[in-house]
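In: sequence and predicted model, in that order:
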There are 2 protein chains.
Amino acid sequence: MSTVIPHWLDKQADLSPDETAVEWKDGTTVTFSQLAENSREKARKLAAADVTKGDHVAVLSGNSIEMIETIHACSYLGAVAVLLNMRLTAFERKQQMEDAEVTLLVAEAEEEALTEIKQLTFEKLNQLKASPHMQLLEEIELSDVFTMMYTSGTSGFPKAVQHTYENHWWSATSSSLNFGKHNDDKWLIPLPLFHVSGLSTMLKGIIYGMPIYLLEKFDVEDVHDAIMNKEVTIASVVTVMLQRLVSYLGESSYPESFRCMLLGGGPAPESLLQQTKAKQIPVFQSYGMTETASQIVTLSPRDALRKVGSAGKPLFPAQLKIRGQQANEVGEILVKGPMVTPGYYNRPEANEKSFLNGWLATGDVGYLDEEGFLYVVDRRSDLIISGGENIYPSEIENILLQIEGIREAGVTGLTDKEWGEIPVAFVVTDKMITKEEILSFLKDKLARYKHPKEIHYMDQLPRNAANKLVRQALKNYR
Amino acid sequence: MSTVIPHWLDKQADLSPDETAVEWKDGTTVTFSQLAENSREKARKLAAADVTKGDHVAVLSGNSIEMIETIHACSYLGAVAVLLNMRLTAFERKQQMEDAEVTLLVAEAEEEALTEIKQLTFEKLNQLKASPHMQLLEEIELSDVFTMMYTSGTSGFPKAVQHTYENHWWSATSSSLNFGKHNDDKWLIPLPLFHVSGLSTMLKGIIYGMPIYLLEKFDVEDVHDAIMNKEVTIASVVTVMLQRLVSYLGESSYPESFRCMLLGGGPAPESLLQQTKAKQIPVFQSYGMTETASQIVTLSPRDALRKVGSAGKPLFPAQLKIRGQQANEVGEILVKGPMVTPGYYNRPEANEKSFLNGWLATGDVGYLDEEGFLYVVDRRSDLIISGGENIYPSEIENILLQIEGIREAGVTGLTDKEWGEIPVAFVVTDKMITKEEILSFLKDKLARYKHPKEIHYMDQLPRNAANKLVRQALKNYR
C-alpha cells in the first residue's frame, strides 16, 4: 500500500480556513474553505453527471477559479483530470480526448462538437443538481494518478504524461526545500494552468497554504504591477516574459520582499542575466519538463553568473546523470526521483524506451561539469521552445506530409529575439503549392503557435547516410 | 517498490558542501561535506567490523559529532542504528540490546560488560582500518528502517519503535510546511539525540541544509546565549526548560529573528503562556511521541491563548480522531500519517493492539473541540513525564515486586514545580524493608530518573471491583 495522506484541499481548509487561496488582479480573492466547499459541490455535480472513480474527465479552460474547482472536484471522486491546451485546434484536442479515453469534457465554453464525448460547460455543470449523498474521498492515496497532460514527444504523436499525487507532492516539497517557505509568500502565475508549471504552482498553493496570484494570461503591465504593488514574492516566467519585464522595469527595481523569479524554458542569454543582476532580480534558472511535474534542476542566483548557461543542480530528492558519460562529456540526460511521471498513458512502447531502471531518458543532451552543474546542450529531438510552448518538428512534418503534392518536409527552430525560437518549414513539392494553401491546410489541424513562420521550397532535404533527415542542417538552407 | 531518493547526506554535501551542518557553543563547526566524508569513512570502518546490510548497531553516546557520524555510517551500509538512552542503567541497556538483536555496540566510552555483544568505543572504531572497496549505498529506499529507540509503553516492558527513512522524511517536511523554512534558520537542540525530538531535529538539519546548534545538555545560560547571540532562530524545549529560560530572560527579550520555540512534553500551564506572550516569545505547543517521529500536532502562537490547554491541530499530512467519539467527547486519541512508525520491533501482539487499519492507538485520552483543536486529557496509561523523560509506572512496579517482602506496589506521578511530574511509590510489605534497602535494590536496575522520589508504606492499595490497581487514587494516600 502506498502512502496515504488526508485530502490536501480539505486539510488546508481545516488549517487555514480564512486565508487566501487565490487572488486576482481586480482584488477578488477566494479562501481555502471557499475553494474546498465549491470543489466539493462541483464533485457532487460531476457525480450527478455519472463521473466515478477512475474516470477521465477532460478540462478545457483558461485560468479561472472554475477550472481549479473542477480539477479538485475530480480528485474528490478519484477521477483523473485531463488538462487540454486551449491553444490547440479542436481537431488536436479531439485526438487527445480519444487517446486519453475521456468520458466527459468540462469546458469554459462550448467546444466544437467533433466527437461523441459528452460535454458540459462550467455553466451547465453548475446547473446540475448535486448528488447529496455522494461520499467524497477524504484521503489521497499518493500513488494514484491525479492529472494527465499531453506532450508530443519525439514521435510527433502526442502522448499523455500521467501525474500521480506523489509526483505533485514531491514537486511541491522539493521546491520548498530549495526556495524555502515563508509565511508571507505569494506566488504569481502568468502561465496557463493546463501546462505543468502553472498547474504545479497552483498545487503548491494548496500544499503550502499559500495564496497564488493568478493572471488569465501574461501581460507585462499586470505582472509588473503584481510584483511592485501586490506583495508577490515569487513568480514563474519563461525567458521571453523576463525580457519584457526587465525592459519594462527600466531604472526602477523590485521590492526587496520579491525573492524569487523562477525561470523556465531553456537557458537564459548571458546579456539578460547581466541585466537582471544589475537590477538585483533574484533569477533562478531551471530545467524541467512535463514528465518531471515542473522544474527538477535549478540554478540559484549566487551561481547564475559563475555558471552561465547552466541549469543548475537537481533538487534534493532528485538525481541526474549523463548516460554512460563522465564529467564534461556530452550525452543524454537521465533523471530520477519521486516527481518523475510513472509513465505515458497507454504507451507501453514509449514507456519501455523512456524508462531505464527507474531513470527517465529525457532525450535532451547535455553534460555535467566537475562540480555537478548541468549544461543542456540540445533539447530533445530538435524540440523547439517558442514563448514557453513546446513544439515538436515531427508533429508539424506529419501534417505537412498530408498535403497532396508535398513529398518531403523538414521543420527546425530558428532563434527569435521575441519568442526564443520559431518553427520554420522546408518542403519538397511535386507540384506548385502556395504558402497560403499550406497554411490554410494547417489551420484546423495544428495550433496557431505551431504554424511555420517561414516556408522554404527545396529540391531536396539534407539527409545522412541512413537517409535520415538532418534537421540541424536545415538552418543552413535558409 | 517504495519511493527512492538519493542518500540525503551525500545530496546535501553536494548542494551545500561548505555550509555549516553542526555548530557547537565553543564556535567549532562541521560542514556538510565534512560530515558526509567522515560518516562515509566511519561506514567503511563499521564494514571492517563486519557490519552489513540489515544489521542492528547500538549507539550509546551523549550529543557528539561522533554519534551523528555513526548514525549516518549505519545508513550508508543499510544497517539500523539502535539509539540507547545514556540515563538508563547498563542492565536496562543490556535488555534493550538483546531485545533489538544488536550485533555491535558503538559507544562513547567502555560499557559495563554485561553481555557478549561486541563493543567498540568511538576511539577504537576510529583506529580500525577502513574497508576501502566497500560499496556504500548511494540511494535511500524510504520504506527501509533507519533507526530504533525504546519506549516502555503500557506493559512496562520496553519495546523498540522502528523509524523508517519515510517517517523521518515526512516528519521533517511536515514540520517545514508548518513552521516555514528560511535560509537563515539555525535550530538549537538542547535535548539528547537518543530521544526522538533531538534525532528528528538533527535529521531536519540534513534534509533542509540547515545548521543545528548542538548542546551536550540543557543549560539555561547556554540556551539563552545561543538565542541572544548565536543567531539561533528555532529551539526545541520541554516545559521545565522553558520555565527556566523565561525566568532567566527577566526583563530582556529575544531578538526578532528568533521565530519559534517548539515546546513538547505536555500542555504548558496558562501562567507560563501568559508570561511568554508578555515577553513575545513565539511558543508553539506540540503533541507527539516516539511513535510519531516527533511532533504530530502543534498549536501556533496566534491560537495559544485562545486555546489554552490545547495541543493544536495535526500537521498537514497527518490525521487525528478520537476513537468512536464526536466533538467535545473524551476518548482515546488515534493518529495516522506517513510519519507514524510501521510498528514495534518483534512485537506482533503489541502491533496488533496498537494499529487499527493504519491508525495508531496512542493510549492517550483527549477530545477535539468544534474547530478540531486537540485537548489531551490524560497521557497514556498513567504515563509520568519528568523533565521530558517518559516514565511508565508499571516498569517501576515490576522491579519493586522483585524485592523479597514487597507484596504489592503502585506508582503514580505527582505534580512537581521543577520537573513537571515525579514518580512516587506505594508499597505493601510482608516484613520490615527500609527505603534505603529499596533504593539500593533499584540502583542497577532502573535509571536514576525513574527512582521513586517518595516511598509510602500502606496496608492495602486502592483497587477497583476487578481488583485492578487504581493508580489515580494513590495520589490521595500521600
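Out: That came through, no problem. In this text the structure is predicted, and so the values were computed from the model without any measurement.
In: can you name the residues of the stretch 51-200 of chain A sitting close to chain B?
Out: Contact residues (CB under 8 Å from any CB of the partner chain) of the stretch 51-200 of chain A with chain B: A:Glu139, A:Glu166, A:Thr173, A:Ser176, A:Leu177, A:Gly180, A:Lys181, A:His182, A:Asn183. (C-beta placed from N, C-alpha, C; glycine too.)
In: closest to A:Met149 out of these?
Out: Within those, proximity to A:Met149 (CB to CB) peaks at A:Glu166, which comes in at 16.5 Å.
In: which ones are touching the nearest residue to that closest one once chain neighbours are set aside?
Out: Nearest non-adjacent residue to A:Glu166, counting by CB to CB, 6 or more residues apart in numbering or on different chains: A:Leu142, 4.0 Å away. Contacts were defined as CB atoms under 8 Å, 6 or more residues apart in numbering or on different chains; by that measure A:Leu142 touches A:Ser2, A:Thr3, A:Val4, A:Ile5, A:Thr164, A:Tyr165, A:Glu166, A:Trp169.
In: from these, which has minimum pLDDT?
Out: On pLDDT alone, A:Ser2 ranks lowest of these, at 81.
In: not counting sequence-adjacent ones, nearest residue to that residue?
Out: Nearest non-adjacent residue to A:Ser2 (CB to CB, 6+ apart): A:Ser143, at 3.6 Å.
In: just A:Met67 next, same as before
Out: Among residues not flanking A:Met67 along the chain, A:Ser61 sits closest, at 4.0 Å (CB to CB, 6+ apart).
In: then A:Asp184?
Out: Nearest residue to A:Asp184 in three dimensions, chain neighbours excluded: A:Thr233, at 6.6 Å (CB to CB, 6+ apart).
In: would you list the phi and psi of that neighbour?
Out: phi -110, psi -20 (degrees, to the nearest 10).
In: give me the pLDDT for it.
Out: At A:Thr233, pLDDT is 98.
In: stretch A:19-36: which residues count as buried?
Out: In terms of neighbour count (16 or more other CB atoms under 10 Å in any protein chain shown), stretch A:19-36 has its buried residues at A:Thr20, A:Ala21, A:Val22, A:Glu23, A:Lys25, A:Val30, A:Thr31, A:Phe32, A:Ser33, A:Gln34, A:Leu35, A:Ala36.
In: contact partners of that stretch?
Out: Contact partners of stretch A:19-36, identified using CB under 8 Å, 6+ apart, comprise A:9-10, A:12-13, A:16-18, A:38, A:65, A:68-69, A:72, A:186, A:205-206, A:209, A:211-215, A:222, A:225-226, A:230.
In: helices - which of these land there?
Out: A:9-10, A:12-13, A:38, A:65, A:68-69, A:72, A:205-206, A:222, A:225-226 (DSSP state H).
In: strands along the stretch 351-478 of chain A, start to end?
Out: A:355-356, A:359-368, A:374-378, A:384-386, A:389-391, A:406-416, A:420-429, A:454-457 (DSSP state E, counting those that start in this stretch).
In: what's the distance between the residue nearest to A:Ser2 and A:Gln319?
Out: 20 Å (CB to CB, to the nearest Å).
In: please apply the same query to A:Lys159.
Out: 24 Å.
In: got phi/psi on the residue in the stretch 301-450 of chain A positioned nearest to chain B?
Out: With CB to the nearest CB as the measure, A:Pro317 is the residue of the stretch 301-450 of chain A nearest to chain B, at 4.2 Å. With angles defined as degrees, to the nearest 10, A:Pro317 sits at phi -90, psi 10.
In: ok, A:Arg448 - how many residues close by?
Out: Around A:Arg448 there are 10 other residues, counting by other CB atoms under 10 Å in any protein chain shown.
In: same thing with the one 5 residues further on?
Out: Using other CB under 10 Å, A:Lys453 has 14 other residues around it.
In: contact partners for the residue lying farthest from the centre of chain A?
Out: Distance from the C-alpha centroid of chain A, by CA atoms, centre = their mean, peaks at A:Lys431 (39.3 Å). A:Lys431 makes contact with A:Gly405, according to CB under 8 Å, 6+ apart.
In: quick one, grab the pLDDT at it.
Out: So A:Lys431 comes in at 89 (pLDDT).
In: over to A:Glu332?
Out: pLDDT, A:Glu332: 91.
In: and if you look at A:Arg379?
Out: Listed pLDDT for A:Arg379 reads 66.
In: kindly report the same for A:Pro338.
Out: In this model, A:Pro338 is scored at 97, pLDDT.
In: pull up the residues of the stretch 251-400 of chain A that are close to chain B.
Out: Counting by CB under 8 Å from any CB, the stretch 251-400 of chain A sits next to chain B at A:Lys313, A:Phe316, A:Pro317, A:Ala318, A:Gln319, A:Lys336, A:Gly337, A:Pro338, A:Gly358, A:Gly372.
In: and for the fifth one, the neighbour number?
Out: Using other CB under 10 Å, A:Gln319 has 20 other residues around it.
In: over to the third one?
Out: By other CB under 10 Å, the residues close to A:Pro317 number 26.
In: that one contacts A:Val340, doesn't it?
Out: No: applying CB atoms under 8 Å as the test, A:Pro317 and A:Val340 come out as separate, 10.2 Å apart.
In: would you map the helices across the stretch 251-400 of chain A?
Out: Applying DSSP state H, counting those that start in this stretch to the stretch 251-400 of chain A gives helices spanning A:270-278, A:301-304, A:348-354, A:393-400.
In: can you say which of the ones you listed is packed in most?
Out: Highest mean neighbour count of these: helix A:393-400, a mean of 22 (counted as mean count of other CB atoms under 10 Å in any protein chain shown).
In: now do that one: which elements does it pack against?
Out: Counting by 3 or more CB pairs under 8 Å, 6 or more residues apart in numbering or on different chains; DSSP states H and E, the packing neighbours recorded for helix A:393-400 are strand A:406-416, strand A:420-429, helix A:435-442.
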